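Peer 1: model this:
(one chain, ligands or ions: 1)
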Amino acid sequence: MPEESTVADWVKVASLDQCLPGNILQVEAGEFTIVLANVAGEVYALEDRCSHQDYPLSDGDLEGSQLECLYHGAKFDICTGRATQLPAIKPVRSFAVEVREQNIFVQI
Ligand code: FES
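Peer 2: This is a model prediction of the structure:
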């Protein structure tokens, strides 16, 4: 019987100094393109695809814990992926993040 992993993998995606407080960073992890955001020293990860029309959220701006999509102004709570401003209604997928020895890991 083939082995199949059901446990999600932690993937190293960047070092902490690549995503300093107030900044966002696009990274790749497995099949996902992810946008990291550092909010006052805490790092969060969302899929880098706006739930409105699939454009990359990493082109947008981080204001506090809100990530604003460049294309039509939707906003998302970076901590949860919840849509907080139209035209987006649906949430964006969020990923668990850990920082270990100055490296950022995302669970996919
Ligand atoms: S693609 Fe993000 S608001 Fe339209």
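
Peer 1: Which residues of the chain lie near the ligand?
Peer 2: Contact residues (Cβ under 6 Å from any ligand atom) of the chain with the ligand: C50, H52, Q53, Y55, C69, Y71, H72, G73, A74, P87, A88. In short, each C-beta sits where N, CA and C put it, glycine included.

Peer 1: try 8 Å
Peer 2: Residues of the chain lying close to the ligand (Cβ under 8 Å from any ligand atom) are 50-55, 57, 60, 69-74, 87-88.

Peer 1: how about the nearest residue to F95, chain neighbours excluded?
Peer 2: Of all residues not flanking F95 in the chain, A45 sits nearest, at 4.1 Å (Cβ to Cβ, 6 or more residues apart in numbering).

Peer 1: who's that neighbour bridged to?
Peer 2: Taking DSSP bridges as the rule, A45 bridges to L36, F95.

Peer 1: Now do the contacts for it.
Peer 2: Neighbouring residues of A45 by Cβ atoms under 8 Å, 6 or more residues apart in numbering: V13, I34, V35, L36, A37, S94, F95, A96, V97, V106.

Peer 1: Would you tell me which one of those comes nearest to the ligand?
Peer 2: For those, the residue nearest the ligand by Cβ to the nearest ligand atom is V35; the value is 12.1 Å.

Peer 1: R100: how many residues sit nearby?
Peer 2: Number of residues near R100 (other Cβ atoms under 10 Å) recorded here: 10.

Peer 1: Can you lay out the contacts of A45 as TSV showing pLDDT and neighbour count?
Peer 2: Shown next, in TSV, are those (pLDDT from 0 to 100; neighbours: other Cβ atoms under 10 Å):
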residue	pLDDT	neighbour count
V13	97	25
I34	98	26
V35	98	25
L36	98	26
A37	98	25
S94	97	18
F95	97	20
A96	97	12
V97	97	19
V106	97	24
